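Enquirer: The following block contains a protein sequence and its predicted model.
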Amino acid sequence: HDDDGLAATVRLLWSDPDFWGDDDAPAVYVHGLMVARRRSGDGLGRALLDWAADQGREAGVGLLRLDCRTTNPALRAYYEAYGFTAVGRRDFADFSCTLLELSLVGSE
């Protein structure tokens, strides 16, 4: 939060069968990462991804995972610039998502 209200938020999950299926690889999943437009460019998104990666490392998991809609190439590019790699796609009735992951092993 800042003086104008909510500045950024993120939600972490320790499993995500809806998007990742029955994959049992130890991972932490990022959902709902959002930064208020007024804070765009302040580094809050990167700070939240760093925090999520730290949570995963502290829990001893090897992967940080997330998804983004295939119709949002700018967001995918943002995640790839952070170091995520596209590893799959999940198609639903009304949208498709690119699945991305980042190894937490040996990275800090």
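Expert: Nice, thanks for sending it over.

Enquirer: CA only for contacts and neighbour counts going forward, please
Expert: Fine.

Enquirer: Give the residue spans of the protein that score low on pLDDT.
Expert: For the chain, the stretches with pLDDT under 70 are 107-108.

Enquirer: what ranges do the strands span in it?
Expert: Counting by DSSP state E, the chain has strands at residues 8-13, 27-35, 63-69, 85-91, 96-103.

Enquirer: Out of the ones you listed, indicate the one that is most buried.
Expert: Highest mean neighbour count among the strands of the chain (mean count of other C-alpha atoms under 10 Å): strand 63-69, with a mean of 22.

Enquirer: ok, that strand: who's next to it in the sheet?
Expert: Here strand 63-69 is paired, per DSSP bridges, with strand 27-35 (parallel), strand 96-103 (antiparallel).

Enquirer: Provide the angle between the direction of it and the direction of strand 85-91.
Expert: Compare the direction of strand 63-69 with that of strand 85-91 by axes from the mean of the first three to the mean of the last three C-alpha atoms, to 10 degrees and you get 50 degrees.

Enquirer: Restricting to C-alpha, output strand 63-69 in CSV.
Expert: Provided in CSV are the C-alpha atoms of strand 63-69 (Å, rounded to 0.1, in the frame of the first residue of the first chain):
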residue,chain,number,x,y,z
LEU,A,63,10.8,-24.0,-9.3
LEU,A,64,8.9,-20.7,-9.5
ARG,A,65,6.0,-21.0,-11.9
LEU,A,66,3.3,-18.8,-13.3
ASP,A,67,1.0,-18.4,-16.3
CYS,A,68,-0.1,-15.6,-18.6
ARG,A,69,-2.7,-15.4,-21.3
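
Enquirer: to the chain's geometric centre, what's the distance from it?
Expert: 4 Å (C-alpha atoms, centre = their mean, to the nearest Å).

Enquirer: Need the strands paired with strand 63-69 in TSV (columns: distance to residue 7).
Expert: Shown next, in TSV, are these (distance: least, C-alpha to C-alpha, whole Å):
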stretch	distance to residue 7
strand 27-35	6
strand 96-103	24
